[in-house]
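Asks: Fold the stuff below for me.
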Amino acid sequence: MALNGRVAIVTGAAKGIGNAIARRFASDGARVMLADIDEKAGAQAVEELAEIGEVAFLSADVSERLDARNLLAATLDRFGEVDILVNNAGIVHKAGFLELQEEDFDRVLRVNLKGAFLCGQAVAQHMVERVEAGGPAGTIINMSSINAEVAIPDQVGYCVSKGGLTQLTKVMALSLAKYGIRVNAIGPGSIMTDILRSVARDKDAMRGILARTPLGRVAEPREIASIAAFLASEDASYITGETIFADGGRLALNYTVPVED
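Replies: Purely as a prediction, here's the structure:
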């Protein structure tokens, strides 16, 4: 298995894309620490994934420095190492630019951008120490979005945070390259998570999504997990500082496509 013997941390792993990544990593032989603020969903995820591989869960708010440090410490205590970090935790807040409250803007950036910085820095410091002691390097994967490139007027904080993640990914990659530590990002388009599943019940809303998606369908979380598995593996050994967009062709499109009923 491609990740056999590796240890991974996946934040925001109780549900959605993060859960799919944790599942794929466990299937590929990795031992996985799941982190999330949703303790109930996290416990359920561990129960389900325990049938596939060795997993554990820690309740953590990635926007808090102490929680990020505790996440690293708990993973080292449980599994002895950290080889892979996936900064997937993220939130949204819907409000127009003129109406958005400062505290809501701050909250989204704290989780989506600052959280990736805090967890990334903590894990990277450990990886650097390991490399300097003669050990292997590791890899970090940030979860970006096509909204790092295109914008939604009522998702100000989300779009800004994902744009920031693009630069954070590049800065981290350049800073850590001399240690052999690779840093990349994934930019999903429309993925069938719980949030989008609620939208899917609205026929007109779904037509709008499909009209901007040349492949004509919404992706499943496992399709993003497969990219994370690739980036975490030796198959991606010469890739760093990049964002891979998995969007069904949306970013290449400058018009709309017909949608079948």
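
Asks: What segments of the chain are strands?
Replies: Assigned by DSSP state E, the strands in the chain fall at 7-11, 31-36, 55-59, 84-87, 139-143, 182-188, 243-246.

Asks: any chance of these in TSV, with mean pLDDT, distance to residue 116 and mean neighbour count too?
Replies: Quick note: C-beta positions are derived from backbone N, CA and C, even for glycine. TSV is the format used below for these (pLDDT from 0 to 100; distance: least, CB to CB, whole Å; neighbours: other CB atoms under 10 Å):
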stretch	mean pLDDT	distance to residue 116	mean neighbour count
strand 7-11	98	8	29
strand 31-36	98	12	28
strand 55-59	98	17	21
strand 84-87	98	4	29
strand 139-143	98	5	27
strand 182-188	98	9	25
strand 243-246	98	13	18
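
Asks: can I get the ones you listed in a markdown table with distance to residue 261?
Replies: Formatted as a markdown table, the strands of the chain follow (distance: least, CB to CB, whole Å):
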| stretch | distance to residue 261 |
| --- | --- |
| strand 7-11 | 38 |
| strand 31-36 | 38 |
| strand 55-59 | 42 |
| strand 84-87 | 38 |
| strand 139-143 | 33 |
| strand 182-188 | 26 |
| strand 243-246 | 26 |
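
Asks: out of those, which comes closest to residue 1?
Replies: Across the strands of the chain, residue 1 has its closest neighbour in strand 31-36 (11.8 Å, CB to CB).

Asks: Which neighbours in the sheet does that closest one have, and how are they oriented?
Replies: Paired strands of strand 31-36, with direction, are strand 7-11 (parallel), strand 55-59 (parallel) (DSSP bridges).

Asks: among those, which is nearest residue 153?
Replies: Using CB to CB, the strands paired with strand 31-36 put strand 7-11 closest to residue 153, at 27.7 Å.

Asks: now the angle from that closest one to strand 139-143?
Replies: Per axes from the mean of the first three to the mean of the last three CA atoms, to 10 degrees, the angle that strand 7-11 makes with strand 139-143 is 20 degrees.

Asks: Could I get the CA-only coordinates of strand 7-11 as CSV?
Replies: C-alpha atoms of strand 7-11 as CSV (Å, rounded to 0.1, in the frame of the first residue of the first chain):
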residue,chain,number,x,y,z
VAL,A,7,1.4,8.5,10.1
ALA,A,8,-1.0,11.3,9.0
ILE,A,9,-3.0,14.1,10.7
VAL,A,10,-6.2,15.2,9.0
THR,A,11,-8.0,18.2,10.4
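
Asks: Begin at 19 from now on, thanks
Replies: Fine by me, first position is 19 from now on; the one you just mentioned is strand 25-29.

Asks: Touching it from outside, list them.
Replies: Residues from elsewhere that reach strand 25-29 (CB atoms under 8 Å, 6 or more residues apart in numbering): 36, 39-40, 43, 48-54, 78, 80, 89-90, 93, 97-107, 133, 137, 141, 250.

Asks: gap between it and the chain center?
Replies: Centroid separation between strand 25-29 and its chain, computed with CA atoms, centre = their mean, to the nearest Å, is 10 Å.

Asks: So which of the strands of the chain is nearest residue 62?
Replies: Residue 62 lies closest, by CB to CB, to one member of the strands of the chain: strand 73-77, at 9.4 Å.
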